[in-house]
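> what shape does this take:
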Amino acid sequence: MALDVRPLKPTENWQMLNYIRKNASPDYQDRIPAATKGKIQATIKALDTYQPQANEFHSLLINKVGLQIIRNTSWTNPMAPFKRGMLTRGDTIEEIAVGIIKATTYDPDREELEKELFGTSKVYVENNFHRTNRRDKYKITINNVLTGPAFDTPNGLQSLIAAEMAAPSTSDNLDEFLLMTQLFAEYEANGGFYKVQIPDVIDMDSDGTDARRALRTIRAITETLPFLSTKYNAAGMMSHANPDDLYLFQSPEFAAAIDVEALAGAFNIDKARINERTVTIPQERFGIDGCQAILTTKDFFVVADTVFRTETLWNPSALHTNTWLHHHGLISASRFVPAVMFTSHRGDEQPVIQTPVTSVTAVAVTNRAGDVVTDVQRGELYSLYAEATTTPAGGDNNAVRYTLTGNTSQRTWISMTGVLHVGGDEGATSLSVQAIATWTDPKGLQKDGVKSAVKTLTVSGDSTVSWPIAGDASQTITGITVEGVAVSPTFAPGTTAYTVVVPGGTTTLDEIVVTGPDTGDVLIELNAAGDVFTVTANSAPGDPVYTVTVN
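Reported below is the predicted structural model:
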């Protein structure tokens, strides 16, 4: 059975002697007999007789047993759970954060040129390198002559080692605690926490109202952090944190104020309680004026050991063993995870950077070949480009929207990606394209700015008729009757209206019945007398116009 050398569970001397013998060299095992609970004197006598084995005994006692005692007491550092363990290879931790990709609009009608197909779209990436920056050692001297009386009591050997190793263990844990808490001040000095102002509940004159206000603010931030944002970390990268991953580092004074002033009087204490796990550290260890609590995740701490070992050296002149505890590691903080400080001072206000639009660039119109043109052909597609210029340059409000005027065809339009479609039946000889600066107001509504640019384009090219096809009799309108009077089966383009005399005299609009395949495309207007009316064939702008005559 493996020997358990934890200080809280006593281990008798014979068990410890056999544990050391089990881990010793073959020569030690040959010369030093195994110990039993009733007879350990033979083992002790052999150790007094063979000095090399005695040296090995003391070395193993420190390196094996003492080191385990130190490891098992690492819990005394309340910040130890935030360490990342031992780095088995190397002395550097690389931390990487990846940015967000900006979406673009898909348009099946847009011609994708070589820039879109073969160009690059790099993702913004930041990385931090955390290197070993702690190399400490702790020396103690153990007098081997004084080790003998430790065998007089059943657990004396373990008690002696625990007592002698307590000094380096406690010193190491204290230094590690101080270094880790110092990260708060270092982080604030190099980028800083996102600061939220709360009442100074640490002040003994604060009351329940102050504590409840602070508690409410912390709860609100906790529910905000799960959403992606660049506000809450020093690097300005998109980050988030789930409430279950958050820790609230607080001072004893802050914890007492929340418990006594806020939670004690809460009707529903489960709703009022802070859901995050809390870690209490002395107020002075924050090292930041006005800081009352810090909300962050375990990943805030980039702390890992690179070396943790003991070394011994026997001094034959003084009959003692010098022992050094070596502890190397890296102590650093992440700039990428959310970290919020609740302070009695003024909090952070998101700066509103004003970048007013000063002008809109001229509208550039390019054809399929990428050439800039001012003349557009009927039935073709063209790409439009313009943007708003801001002061200073690089403002986010550089968007424009396009409007089109002068067109006669409904098939002439501009897509939301800035593609101009010129209808093949466009009847206009010129078009006017306007690029207007646009912005989104606080209510999320798109508004037009005052700056714009206008581009006039000449329209040329032959018109194309999509319906009816010239010379195709199957496309001719037929079968229309008005009050029993048949429409002539053939007609020629040129007129949009025709007159019908109703057989039998005066009629009213309600009495007129128009039937046929194109009933929905015929309008009827009575004259004053009521016995003659005009039939008008609807047509889209630019469509061929036909005249229908009723005899």
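
> wait, residue 295 touches residue 248, no?
Yes - using C-beta atoms under 8 Å, residue 295 is in contact with residue 248, at 5.3 Å. For glycine as for every other residue, the C-beta is placed from the backbone atoms N, C-alpha and C.

> which stretches in the stretch 251-400 of the chain count as strands?
277-280, 291-297, 301-315, 320-333, 339-343, 357-360, 364-366, 375-377, 381-385, 388-390, 400-405 (DSSP state E, counting those that start in this stretch).

> in TSV: these, plus distance to residue 99 and mean neighbour count.
Shown next, in TSV, are those (distance: least, C-beta to C-beta, whole Å; neighbours: other C-beta atoms under 10 Å):
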stretch	distance to residue 99	mean neighbour count
strand 277-280	30	14
strand 291-297	20	25
strand 301-315	20	17
strand 320-333	21	20
strand 339-343	19	25
strand 357-360	26	18
strand 364-366	29	17
strand 375-377	39	17
strand 381-385	25	18
strand 388-390	22	20
strand 400-405	25	17
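
> average pLDDT for stretch 357-370?
The average pLDDT for stretch 357-370 rounds to 92.

> end to end, how far does it reach?
28 Å (C-alpha to C-alpha, to the nearest Å).

> if I pick residue 82, what's in contact with it?
Contact partners of residue 82, counting by C-beta atoms under 8 Å, 6 or more residues apart in numbering, are 180, 298, 300, 301, 303.

> give me phi/psi at it?
phi -90, psi 0 (degrees, to the nearest 10).

> got it, and the one 10 residues further on?
Here is the backbone geometry of residue 92 (degrees, to the nearest 10): phi -140, psi 140.

> apart from its neighbours in sequence, what residue is nearest residue 512?
Computed as C-beta to C-beta, 6 or more residues apart in numbering, the closest residue to residue 512 that is not its neighbour in sequence is residue 524, at 5.5 Å.

> tell me who's in contact with residue 505.
If you count contacts by C-beta under 8 Å, 6+ apart, residue 505 has them with residue 531.

> helix/strand/coil for it?
coil (DSSP: H, G, I helix; E, B strand; the rest coil).

> that one and residue 289: what is the separation?
In this view, residue 505 and residue 289 are 101 Å apart by C-beta to C-beta, to the nearest Å.

> can you give me the helices in the stretch 101-250 of the chain?
Assigned by DSSP state H, counting those that start in this stretch, the stretch 101-250 of the chain shows helices spanning 114-118, 156-189, 208-224.

> for those, could you give me TSV that also reports distance to residue 514 and mean neighbour count?
Below are those laid out as TSV (distance: least, C-beta to C-beta, whole Å; neighbours: other C-beta under 10 Å):
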stretch	distance to residue 514	mean neighbour count
helix 114-118	52	8
helix 156-189	81	18
helix 208-224	65	17
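
> out of those helices, nearest to residue 327?
helix 156-189 (5.3 Å; C-beta to C-beta).

> got the angle between that closest one and strand 301-315?
Put simply, helix 156-189 runs at 140 degrees to strand 301-315, going by axes from the mean of the first three to the mean of the last three C-alpha atoms, to 10 degrees.

> counting by contacts, list what helix 156-189 packs against.
helix 13-22, helix 67-72, strand 134-143, strand 301-315, strand 320-333 (3 or more C-beta pairs under 8 Å, 6 or more residues apart in numbering; DSSP states H and E).

> CSV for those, including mean pLDDT and distance to residue 535?
Listed next are those as CSV, based on pLDDT from 0 to 100; distance: least, C-beta to C-beta, whole Å:
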stretch, mean pLDDT, distance to residue 535
helix 13-22, 66, 113
helix 67-72, 52, 101
strand 134-143, 85, 96
strand 301-315, 86, 84
strand 320-333, 87, 83
